[in-house]
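Q: Coordinates for the following, if possible.
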Amino acid sequence: MFIMGAKSVKTYIDAAMGKLQDDQTFAAKAHQKEALGYLNSAYSLTTEKNSEWARENLIRKAYWSIPFDLHQIRDKHHHLFNEVHHADLDELVALRVLLKLIPIIKPEPKSDRITAKQAEVTATVVDMIKRRTAQYHEAVELGRLFGGLNVSVTPHLVTNDYNTTFTRCFYFLNGKFTPLSVIMAAADTLEREKENA
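A: Purely as a prediction, here's the structure:
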């Protein structure tokens, strides 16, 4: 994907997140690889922005010990970067770990019942984000919407290849990252059990 406009850590992160499907899984290994590539590009941009500070503030040996790739970054490397880059480094490392854990699931046709409920959940989450902009990074409790399941969601604004911004959400069931399709199927099963009881 070609990144249009000014390149920033955020644009690369948005591009990486744009590779996820609606249920927060990857449709193919290639999509995961591309997403990780965008995070590596964001890291390269960070090292580029840090280079002048590093030349002026680090001894030669330390300067040449700056890791070349994001997967090599550890907390012990923070001193090699200007403090203004620490938050970006932490976010990139955390997102890399998360993206490596996200499963690869080829899209399958969904039943109308699950699709309708998933659309309701997505619409509700988007509406909640619009009303709670100040709480953007906080997990939102959605137990009632999921029929009593302990589900929370962390929203993230994403801009895709066509410069369209939309909301991407990570769903957690009992604190564990879980694709929305799995949660919806579980909620549907519980609802059917209640109906049949």
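
Q: helices and strands around the biggest helix by length in the chain, which ones?
A: Longest helix of the chain, by residue count under DSSP state H: helix 29-57. Under the contact criterion of 3 or more C-beta pairs under 8 Å, 6 or more residues apart in numbering; DSSP states H and E, helix 29-57 touches helix 9-17, helix 86-101. All C-beta spots, glycine's among them, are computed from the backbone N, C-alpha and C.

Q: Can you add distance to Trp64, mean neighbour count and mean pLDDT and give these back as TSV?
A: Listed next are the helices and strands packed on helix 29-57 as TSV, based on distance: least, C-beta to C-beta, whole Å; neighbours: other C-beta atoms under 10 Å; pLDDT from 0 to 100:
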stretch	distance to Trp64	mean neighbour count	mean pLDDT
helix 9-17	23	21	90
helix 86-101	18	15	91
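
Q: May I have the residues that are in contact with Met184?
A: Met184 makes contacts with Ile114, Lys117, Gln118, Val121, as judged by C-beta atoms under 8 Å, 6 or more residues apart in numbering.

Q: Restricted to helices, list those residues.
A: Ile114, Lys117, Gln118, Val121.

Q: Please indicate which of the contacts of Met184 are buried?
A: Lys117, Gln118, Val121 (16 or more other C-beta atoms under 10 Å).

Q: from those, which is closest to Thr25?
A: Gln118 (13.1 Å; C-beta to C-beta).

Q: I'd say the closest one and Ser181 touch.
A: Yes. Counting by C-beta atoms under 8 Å, Ser181 is a contact partner of Gln118 at 7.1 Å.

Q: and Gly18, what does it touch?
A: Counting by C-beta under 8 Å, 6+ apart, Gly18 has contacts Met1, Val158, Thr159, Asn160, Asp161, Arg168.
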